[in-house]
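**Q** make a model of this:
(one chain, ligands or ions: 1)
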Amino acid sequence: MHVLVVEDEKKTAALIRKALEAEGMTVDVLHRGDEVVPRATATAFDAIVLDIMLPGHDGITALRLLRAHHVATPVLLLSARGEVDERVNGLDAGADDYLPKPFVLAELIARIRALVRRGGARGGARLNVGDLALDTLTRMAHRGGAAIPLTPREFRLLEYLMRTPGTVRSRTAILENVWDYHFDPGTNIVDVCIKRLREKIDDGAGPKLLHNVRGEGFVIKAAP
Ligand code: CA
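**A** Residues are numbered from 1 along each chain as shown. The predicted structure follows:
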C-alpha cells in the first residue's frame, strides 16, 4: 500500500510516516499543498492523507485541484479545526473521510485501511478517457456502449494509465505499479499486456487511445 502524507508540521509528518511504515505501508511525505497535484499525478497512490492548513495551497484547494485533474485516489483530510464547516467543505471538495486533530495513530491507520478497502465503491470510481469508461467496482471497461471483459492484470494496467490520462508511464513505473516488480524481469511482459489491452480497447473502436511513446513508455489519452 502506497500512501501520500501531506503535512507541514514536520514532527507530526514524521510520526505518521513511522506509524504507517510500521504497518508495512510505503509512505511519501510532502510539506506543501502546491506539491500535491504534481506528485499525485506522477505516482499512483492508494490513499492520500491531506492536512487542511498547509503552505502553498491549503488542503481543500489541493483536493479540488486533484479531483479536477481526475485523480480519484481516496483522500483523508486532517484538520486542527474541528468545525462542521471544514468537514462539509472537505467532503464537498471530494474528500472521502475526515479526521480532526489531535487523533490517535491507530485510528488514522484504521481509517486509511477502510478507505483503501472501499476505494472501488466510491462515486469517483468511474474513470473516463474519450469514449472509454472503466468501472473500478465491477472492473469492466466499456467503449462505445460495448462491454470489454478484462483479465485482472489488464484491469490494473488500464486503471493505472486511466488514473492520469495524458501522463506517459515508463515500463519501469508500470512494472512497479501493476506487477509490483521492483526489478527488471528481463522480459517483455509489459509490451505483451499493452498489446492485448490495445486489441481489446482500440481495435476497430474509433480513435486510438492507448499510445506508445518511443523510448519513454505508454500513455492513454483522448484524441486531440
Ligand atoms: Ca498544518
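
**Q** low-confidence bits of the chain, can you list those?
**A** For the chain, the stretches with pLDDT under 70 are 81-85, 87-88, 119-125, 137-138, 224.

**Q** give the contact list for the residue in it that the ion sits nearest to.
**A** Taking CB to the ion, the ion has its nearest neighbour within the chain at M53, 3.9 Å off. All C-beta spots, glycine's among them, are computed from the backbone N, C-alpha and C. Counting by CB atoms under 8 Å, 6 or more residues apart in numbering, M53 touches 8, 59, 79-81.

**Q** now with 10 Å, please.
**A** Contacts for M53 (CB atoms under 10 Å, 6 or more residues apart in numbering) come out as 7-9, 33, 59, 78-81, 86, 101.

**Q** neighbour-wise, give me the winner out of those residues.
**A** Neighbour count (other CB atoms under 10 Å) singles out G59 as the most crowded of the contacts of M53, with 28 neighbours.

**Q** what sits closest to that one if chain neighbours are left out?
**A** Among residues not flanking G59 along the chain, I52 sits closest, at 3.9 Å (CB to CB, 6 or more residues apart in numbering).

**Q** tally of neighbours for that neighbour?
**A** 24.

**Q** can you list the residues of the protein near the ion?
**A** Counting by CB under 5 Å from the ion, the chain comes close to the ion at 8, 51, 53.

**Q** got a list of what the second one touches?
**A** What that stands for is D51. By CB under 10 Å, 6+ apart, the residues touching D51 are 5-9, 12-13, 16, 30-31, 33, 58-59, 62, 77-80, 101.

**Q** and for the first one?
**A** Contact analysis of D8 by CB under 10 Å, 6+ apart lists 30-33, 51, 53-56, 59.
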